[in-house]
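J.: What would the 3D arrangement of this be:
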Amino acid sequence: MSREKLESILKEVAAGSRSIAEALDDLRDLPFEDVDVAMLDHHRAFRTGVPEVVYGLHKTPAQIAAIVARMVARDGRAFVTRASTEAVLAVQENHPETRYFETAHILAVGEFPAPVPDRFVAVVTAGTSDLPVAEEAAITLEWLGTRVERVYDVGVAGVHRLLSRRELLWQASVVIAIAGMEGALATVVGGLVDCPTIAVPTSVGYGVSFNGLAALLAMLNSCAPGVSVVNIDNGFGAAVCARMIVAQM
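T.: Prediction:
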């Protein structure tokens with residue numbers, strides 16, 4: 001439950017338009033709800049400003065469908081990362097309006113809030129192979145009500161492509177720089193912009209890249225100040241961090 005929702009309930013009680021019994025019924029599952037397959041943290045949005053999100057990998061379609069059903073019943077929306085097509089079909093049985101973002105492997109039920117127009121996060125990738133991670137970040141940000149500008153396939157092997165978008169990058173509130181191989185993109189971006197740069201290493205690259213470890217180490221060792229790093233392929237984590245930064249502005 002978000003802070004706004006809780007405030008609305010309390011205001012309605014104070015105004016007499018909602019009874020105490022009705023309010024207690026709305027709040028009965030705070031701070032969490034046991035749904036057998038998971039303990040849903042309904043208090044998370046109130047604490048952090050970011051609702052609980054379901055990590056779909058290694059969960060069965062039936063488990064995901066059960067979790068989503070409770071989240072939608074409670075808050076009217078749900079969001080699942082690393083969702084399989086089988087999980088999408090299971091959720092759609094009860095929620096035909098479910099949207100599936102195939103590249104990002106994300107399913108979402110419910111409305112996306114309108115973004116604040118005067119601030120945005122730039123999601124930048126080195127190559128097209130980084131798109132699954134980039135779209136995970138971008139769709140997550142949009143679900144959290146954050147405007148996104150996508151700048152894809154502008155890696156350092158052709159750095160003029162990145163430089164041609166520098167005017168846009170200079171306007172960003174946060175830049176998420178996503179790259180595999182040697183992970184140099186984050187350092188170049190960090191040296192161009194005056195906002196926080198969140199680096200996301202991806203498991204893209206030939207054998208010696210060690211499934212993203214080479215990019216991770218390069219980003220951790222960046223010589224550009226203002227660059228922070230999340231885990232390999234963690235587009236979702238980068239998006240939440242960026243959202244929190246934008247929310248403080």
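J.: remind me, longest helix of the protein?
T.: helix 61-75 (DSSP state H).
J.: who's in contact with the helix or strand just after it?
T.: Past helix 61-75, further along toward the C-terminus, the next helix or strand under DSSP states H and E is strand 78-81. Residues from elsewhere that reach strand 78-81, judged by C-beta atoms under 8 Å, 6 or more residues apart in numbering: 51, 53-56, 64, 67-68, 71-72, 87, 91, 104-110, 136, 140, 143, 236. Heads up, the C-betas are built off the backbone N, CA and C, glycines and all.
J.: With stretch 99-116 instead?
T.: With contact meaning C-beta under 8 Å, 6+ apart, stretch 99-116 is reached by 56, 68, 71-72, 75-85, 87-88, 91, 95, 97-98, 131-132, 135-136, 138-140, 142-148, 235, 246.
J.: Flag every buried residue along the one helix or strand residue 219 maps to.
T.: Element membership of residue 219 [criterion: DSSP H and E] is helix 213-220. Buried residues in helix 213-220, defined by neighbour count with 16 or more other C-beta atoms under 10 Å: 214, 215, 216, 218, 219.
J.: what is the mean pLDDT for the helix or strand following it?
T.: Using DSSP H and E, the helix or strand that follows helix 213-220 in sequence is strand 227-229. The average pLDDT within strand 227-229 is 97.
J.: What subset of the contacts of stretch 99-116 is buried?
T.: The neighbour count (16+ other C-beta under 10 Å) marks 56, 68, 71-72, 75, 77-84, 87-88, 91, 95, 98, 131-132, 135-136, 138-140, 142-144, 146-148, 235, 246 as buried among these.
J.: What segments of this protein are strands?
T.: Using DSSP state E, the strands found in the chain span residues 32-34, 39-41, 54-55, 78-81, 99-101, 106-109, 120-125, 147-151, 174-179, 197-201, 227-229.
J.: Relative to residue 54, how far out is the residue positioned nearest the centre of the chain?
T.: For the chain, the residue sitting closest to the mean C-alpha position, by C-alpha atoms, centre = their mean, is residue 140 at 3.0 Å. Relative to residue 54, residue 140 is positioned 12 Å away (C-beta to C-beta, to the nearest Å).
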